[in-house]
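# starting from these lines, generate the structure:
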Amino acid sequence: MAYKINKNWIVLIAALGVGALAAIGAKNYLSNQMAEIEAREKNKAMVQLVVAKADMEKGSVISPENVAVRKVPKEWAHSGAITPEQFGRAEGSVLAYPASAGEPVIWSQLEGQRMPTFSARLAQGRRAVTVPVDEISSLSGMVEPGDLIDMVVSVKKDNRNFTFTLLQSVTVLATGTKASQDDNDPDGRGRQFTTITLDTTPEDAKRVIAAREVGRVTALLRAPNDASGVSRDRSDALALLGLSGGTSSTGSSVPVIYGGGPITEGQRMGPRLSADALGLP
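Coordinates of the predicted model:
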């Protein structure tokens with residue numbers, strides 16, 4: 001007599017198989033999602049801030065023993081947080097408000113202290129120069145403090161247009177009217193800056209001012225840590241576009257009809273730009 005398989009066992013085995021496949025699929029999906037999140041976190045720009053090692057009560061004195069340095073994502077950094085470079089001014093200060101363990105210590109928490117002036121961010125011998133955003137239209141609303149840019153100038157001289165790199169790897173100190181990484185406005189629109197303030201030498205600051213007077217300044221945003229050099233050659237604008245050879249006297253292959261008469265061999269278009277002049281194949 002043939003052995004008869006119970007249908008209930010078949011249904012149970014099928015259900016277990018489907019469940020196992022679903023569990024494996026869910027595990028793989030979650031693993032991929034976690035890997036993507038971790039990759040995004042690793043690629044975030046980080047800044048170093050001074051944080052409390054442990055909970056600190058009001059009246060505690062700031063010292064190297066009770067604070068530490070921690071890397072924090074730049075987008076989460078408080079604009080008034082104390083940085084390691086500023087710790088010398090904060091050391092010995094008394095907390096006016098408690099500080100929680102692991103959280104950045106901000107200037108407003110200290111008695112009789114206020115956030116350093118903007119000039120305190122400049123190194124000795126450096127100058128801050130501000131350029132209107134309408135003259136750096138290529139970066140309007142996209143650049144942030146800490147970014148590196150190149151500045152390119154387009155100027156007209158003796159009826160010729162020249163384009164050249166004025167400055168390279170210039171650090172952006174501030175955008176708009178303040179030097180902070182504020183979030184988007186409440187309406188959810190992107191940042192809208194009116195000015196960009198740059199960290200330059202005194203001579204470079206004068207060159208930027210002169211460039212604004214005689215030509216048009218455009219900024220090129222660099223990738224983080226990109227220290228590659230850029231040619232400073234002063235190039236003719238037409239030469240950059242492949243137009244320095246002038247125009248060709250060769251007639252157009254497209255005939256032009258004059259009046260209502262028949263088309264003749266000599267009735268062709270006047271001088272035109274050759275394909276080579278436009279850099280076309």
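
# number of residues surrounding the closest residue to residue 161 other than its chain neighbours?
What sits nearest to residue 161 in space, not counting adjacent residues and going by Cβ to Cβ, 6 or more residues apart in numbering, is residue 237, at 3.6 Å. Backbone N, C-alpha and C define where each C-beta goes, glycine included. Counted with other Cβ atoms under 10 Å, the neighbours of residue 237 add up to 15.

# tell me the spacing between residue 237 and residue 243.
Residue 237 sits 9 Å away from residue 243, going by Cβ to Cβ, to the nearest Å.

# related to what we said a few turns ago, mind listing what the residue nearest to residue 161 touches?
Neighbour list for residue 237: 154, 160, 161, 162, 163 [criterion: Cβ atoms under 8 Å, 6 or more residues apart in numbering].

# turn those residues into TSV, columns for distance to residue 118.
As requested, the contacts of residue 237 are arranged in TSV below (distance: Cβ to Cβ, whole Å):
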residue	distance to residue 118
154	30
160	40
161	36
162	34
163	32
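
# among these, which ones are in strands?
154, 160, 161, 162, 163 (DSSP state E).

# element containing residue 227?
Per DSSP states H and E, residue 227 falls between elements, in no helix or strand.

# so how far is residue 168 from it?
Relative to residue 168, residue 227 is positioned 9 Å away (Cβ to Cβ).

# any shared contact partners between the two?
Residues touching both residue 227 and residue 168 (Cβ under 8 Å, 6+ apart): there are none.

# then stretch 162-182 to CSV, C-alphas only?
Extracted in CSV, the C-alpha atoms of stretch 162-182 (Å, rounded to 0.1, in the frame of the first residue of the first chain):
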residue,chain,number,x,y,z
PHE,A,162,40.8,87.6,-21.1
THR,A,163,40.0,84.9,-18.6
PHE,A,164,42.4,83.7,-15.9
THR,A,165,42.6,82.2,-12.4
LEU,A,166,43.1,84.9,-9.8
LEU,A,167,43.2,82.9,-6.6
GLN,A,168,43.3,79.2,-5.8
SER,A,169,42.1,77.1,-2.8
VAL,A,170,40.7,80.1,-0.9
THR,A,171,38.9,79.3,2.3
VAL,A,172,35.3,80.6,2.8
LEU,A,173,35.0,82.2,6.2
ALA,A,174,31.3,83.1,6.1
THR,A,175,28.3,83.4,3.9
GLY,A,176,25.6,86.0,4.1
THR,A,177,25.8,88.2,7.2
LYS,A,178,27.1,85.7,9.7
ALA,A,179,29.7,82.9,9.9
SER,A,180,27.6,80.0,11.0
GLN,A,181,26.1,76.8,9.5
ASP,A,182,22.5,77.6,10.0
